[in-house]
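J.: quick one, fold the following:
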Amino acid sequence: MHSSHLNNTPTLSLPSIGTLALYSAYGLNIESELPLPEFSAVDGGPFSADVTISFGDGEDWIGPLRQEPSSWKVDRLDARFWFNGVAGFRIKAGREITISPEPGIDNSLLRMYVEGMMMATLLFQRGYFVLHSSVVCLNGLAVAFLGHVGAGKSSTAAALHARGHAVVADDNAAIDLEAGQLAVTPAFPFLKVFPAIADALGFADDSLTQMHFSQPKSVRPFRDSFPVEPVPLSRIYVLTREPIQSIERLGNSEAVIELIRNSVPTRWKQPGGAAHLQACALLAARFPVYRIRTFDTLPEIPELAARIEQHCA
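T.: Here you go, the predicted model:
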């Protein structure tokens, strides 16, 4: 591991209220008071914001939750998240994210929440089917990887990227259910990866940046190969540590369960409603869902990537 990316000394970057920056991510124009360096910066030219991200001063709704370690409630019009010692986040109608940070919280921690959980919620509110997934483009089609935290989704995507395949999304995959081919919208051109895994895959040490001192993963840009247009979905793999010998195709019912388990908002134990269940059933009927054993050691990662290439071919 490279110690330069694993030091425990935080560099505080306190919220700078009133300074706006322009970005694009998930096909959206974003105007933000919070710096979001992983998103694609937009310089000049006409700009009509689809999404605004701003700082609040502590909304009344946080008061009753202040003693809770965490709390959230998600629906299509108004979602609220509280994380004790970090911030309250409110997402409205897929257009606004308001951040009410606790004293002394730095931007690098806040942006982890915004780029992850809050953007996933905003995309859900905008009508996307949002999978907790890493997605790679193989043979011109999107291949999604599901699995519990630590199953190796990002590492598998990194291994396929090292073999020349473009990463479409890492962590959250926004699938447009209205598109005829059910396509994955490109997220933003960064991939989270453990430094040891990046080293094993041959990524240069200077290509990694630490998001926050509390996180073991760093981020790596891949702007040159980042797709511009949505990529049609072709198949889904569920990464598992179960001792299976071959790649197994799941039956329809089991596939639906995996999609429910790994999608917003049900992955946060929030009700998805009939529309969400119908979307899971639609995906399970349209695309094959497979179970594949993930890696246990570093040398197994390229082997897993090669198996997936062969299976997709």
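J.: neighbours of Arg223, how many?
T.: Residues lying near Arg223 (other Cβ atoms under 10 Å) number 9. Any C-beta I mention is one placed from the backbone N, CA and C, and that applies to glycine too.
J.: chain neighbours aside, what residue packs nearest to it?
T.: Ranked by Cβ to Cβ, 6 or more residues apart in numbering and with sequence neighbours excluded, the top spatial neighbour of Arg223 is Pro189, at 4.5 Å.
J.: quick one, domains of the protein?
T.: Domain assignment for the chain by automatic domain parsing gives 11-126, 130-312.
J.: how about CSV for those, with mean pLDDT added?
T.: Shown next, in CSV, are the domains of the chain (pLDDT from 0 to 100):
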stretch, mean pLDDT
domain 11-126, 90
domain 130-312, 91
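J.: give me the neighbour count for the residue nearest to Arg223.
T.: Counted with other Cβ under 10 Å, Pro189 comes out at 21.
J.: Val136 now?
T.: 28.
J.: isn't it up against Ala166?
T.: Yes. In this structure, Val136 is within contact of Ala166 by Cβ atoms under 8 Å, at 6.9 Å.
J.: if we can go back for a sec, list the contacts of the residue nearest to Arg223.
T.: Glu38, Ser40, Val167, Pro221, Phe222, Arg223, Phe226 (Cβ atoms under 8 Å, 6 or more residues apart in numbering).
J.: where do the helices sit along this protein?
T.: Under the criterion DSSP state H, the chain contains helices at 107-113, 119-125, 153-162, 195-200, 252-261, 273-286, 300-312.
J.: nearest to Glu96, out of those helices?
T.: Closest to Glu96 of those is helix 119-125 (Cβ to Cβ; 8.6 Å).
J.: which residues touch Arg293?
T.: Contacts of Arg293 by Cβ under 8 Å, 6+ apart are Leu239, Thr240, Arg241, Glu242, Pro243, Ile244.
J.: most neighbours, which of those residues?
T.: Leu239 (21 neighbours).
J.: look up how far Arg111 lies from the closest residue to Ala198 other than its chain neighbours.
T.: In this structure, Ala198 finds its nearest non-sequential neighbour in Leu208, 5.8 Å apart by Cβ to Cβ, 6+ apart. In this view, Leu208 and Arg111 are 17 Å apart by Cβ to Cβ, to the nearest Å.
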